[in-house]
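S.K.: I'd like to go over a predicted model; first the sequence, then the structure.
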Amino acid sequence: MANQNDPDLLDEYDFSGGVRGKYAKRYREGTNLIRLDDDVAALFPTSEEVNAVLRSLGEIIQRHEKMDLTKSLNGR
């Protein structure tokens with residue numbers, strides 16, 4: 001017989017000793033998970049690859065911003 005509150009929980013699941021929200025604070029403080037769309041995940045299948053691409057893109061953006069600032073200061 002399934003649990004009356006949730007039909008997906010079987011009777012043999014026993015959460016009576018569980019602590020609600022035990023890791024909630026730690027999760028909020030230190031989690032930065034981002035879900036990639038399937039097509040993007042197929043291009044970059046590991047976190048190392050995703051991080052490398054994002055670092056490269058970040059460097060390009062910073063260089064571009066620096067160039068724009070230099071142009072502004074020089075009146076161009």
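M.R.: Yes, it's here.
S.K.: pLDDT weak spots in this structure?
M.R.: In the prediction, the chain carries residues with pLDDT under 70 at positions 1-4, 76.
S.K.: hmm, what's the outermost residue in it?
M.R.: Using Cα atoms, centre = their mean, the residue of the chain lying farthest from its centre is residue 75. It sits 40.3 Å away.
S.K.: that one and residue 59, how far apart?
M.R.: Applying Cβ to Cβ, to the nearest Å, the value for residue 75 to residue 59 is 27 Å. Any C-beta I mention is one placed from the backbone N, CA and C, and that applies to glycine too.
S.K.: again, but for residue 72
M.R.: Distance from residue 72 to residue 59, by Cβ to Cβ: 20 Å.
S.K.: kindly report the same for residue 41.
M.R.: 23 Å.
S.K.: also residue 8?
M.R.: Taking Cβ to Cβ, one finds residue 8 at 46 Å from residue 59.
S.K.: who has more neighbours out of those two?
M.R.: Remark: of residue 8 and residue 59, residue 59 carries more neighbours, 10 against 7, as counted by other Cβ atoms under 10 Å.
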